[in-house]
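J.: predicted structure and sequence below. I'll ask about it afterward.
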Amino acid sequence: MIHYHHCPLCNSETFEPQLEIKDFSISGESFAVCACLHCGLWFTQDAPSEAESSRYYQAEQYISHSDTDKGLVNRLYHLVRRRTLKSKQKLIEASSGIKGGSLLDIGSGTGSFLHTMQSAGWTVTGIEPDDIARKNALSLHQIETFPPDRIASLAGNSFDIITMWHVLEHVHGLESQLNELRRLLKDGGKIFIAVPNHTSYDATHYAAFWAAWDVPRHLYHFSPAAMEFLSEKYHFKINARRPMWFDSFYVSLLSEKYKTGKSRFISAMWIGLRSNLKALTKVRKCSSIIYILEKK
Ligand SMILES: [Zn+2]
């Protein structure tokens, strides 16, 4: 168990518990989410250590790993994922001006994104902690991916693009991860970090039932302000923020289920839509945001 006496981002001792959140998807246990009053990061208090965390990931519904196709929410997830893979490729190529460079994906899961990029001519490297996911990446896409301890042996200054799609919030050792990102990124390269946003409308609406708290798998809960602090601290600047429009619908569907025990499709679509409308002119309000970082 990790009991924080200091904020994991800024090291401040001034933080306060905000919400008690239940792990609806796997363990049924509850965890306190604390807010740092200095940098704005929210984090999960008393979360499992890295060694203890595997049992919180072992569930069939953890679809990024198991690729099951059952249930409405999972079917929607897979449909959306196929579309978003292509849009991620377009975003990367448009924002970086590079096609077919070197790309590192951290938290590569079963390798779908790596496969998309490799097919588009990119040289890809994937890092993934889960053994089964790595085996699936090999059997599904013939792409060999590596456990996180391999990161340290990758050559510095060697990647045009580094991506972390809904991964940074899971990573133990935030500081060493950010230092590694900076070491591995070429000068002029870009990092794409997608994280949920607890200041979005859907987060406020569902409060403790908001599915993207996803405790204790999510160790950190990043607001746009906390991401700005993080970027400054590790000598990056945020080049752009991009909305993830589908996440509000997907997260709302799960949140409805946690709140009511039912798959309330219409209600979820309504909340997802309202969330997106509020984010239409303010990306900072979107349910999930892609932050594009570059070295200062
Ligand atoms: Zn802090």
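T.: Ah, there it is.
J.: any stretches of the chain with poor pLDDT?
T.: For the chain, the stretches with pLDDT under 70 are 59-70, 73.
J.: quick one: name the residues of it near the ion.
T.: Cys7, Leu9, Cys10, Ser12, Cys36, His38, Cys39, Leu41 (C-beta under 5 Å from the ion). The C-beta positions use only the backbone N, C-alpha and C, and glycine is treated the same way.
J.: 8 Å instead?
T.: Proximity of the chain to the ion, by C-beta under 8 Å from the ion, involves residues 7-12, 15, 36-41, 226, 229.
J.: now list the buried members of these.
T.: Buried residues within the residues of the chain next to the ion, defined by neighbour count using 16 or more other C-beta atoms under 10 Å: Cys7, Pro8, Leu9, Cys10, Phe15, Cys36, Cys39, Gly40, Leu41, Ala226, Phe229.
J.: in helices only, show me those residues.
T.: The helices, defined by DSSP state H, take in Ala226, Phe229 from these.
J.: which residues touch stretch 229-240?
T.: By C-beta atoms under 8 Å, 6 or more residues apart in numbering, the residues outside stretch 229-240 that reach it are 9-10, 39-41, 95, 178-179, 181-182, 190-191, 222, 227-228, 291-296.
J.: go on, stretch 282-290?
T.: Under C-beta under 8 Å, 6+ apart, the answer for stretch 282-290 is 91, 166, 192-197, 199-203, 212, 224, 227, 241-245, 247-248, 251, 272, 275-276, 278-279.
J.: my read: Leu219 touches Gln177, true?
T.: No. Assessed by C-beta atoms under 8 Å, Leu219 is found out of contact with Gln177, at 11.1 Å.
J.: what residues are shared contacts of those two?
T.: Contact criterion C-beta under 8 Å, 6+ apart; residues shared by Leu219 and Gln177: Val171.
J.: quick check: longest helix of the chain.
T.: helix 72-96.
J.: quick check: nearest residue in space to the residue minimising distance to the centre of the chain, chain neighbours excluded?
T.: Nearest to the geometric centre of the chain sits His166, at 1.3 Å (C-alpha atoms, centre = their mean). Excluding the flanking residues, the one nearest His166 by C-beta to C-beta, 6 or more residues apart in numbering is Ala194, at 5.4 Å.
J.: helices or strands next to the strand ranked longest in the chain in the packing?
T.: In the chain, with assignment by DSSP state E, the single longest strand is strand 185-196. Counting contacts by 3 or more C-beta pairs under 8 Å, 6 or more residues apart in numbering; DSSP states H and E, the secondary-structure elements packed against strand 185-196 are helix 72-96, strand 159-165, strand 288-295.
J.: TSV please, covering the ones you listed and showing mean neighbour count.
T.: Rendered in TSV, the data for those read as follows (neighbours: other C-beta atoms under 10 Å):
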stretch	mean neighbour count
helix 72-96	15
strand 159-165	23
strand 288-295	22
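J.: what does the longest strand of the chain contact?
T.: With C-beta under 8 Å, 6+ apart, strand 185-196 has contacts from 88, 91-92, 95-96, 102, 157-166, 168-169, 181, 203, 212, 214, 218, 221-222, 227, 236, 239, 244, 247, 251, 287-295.
J.: returning to that earlier point: quick check: the residue nearest to the centre of the chain touching Gly107?
T.: Yes. Contact criterion C-beta under 8 Å: His166 and Gly107 qualify, at 7.5 Å.
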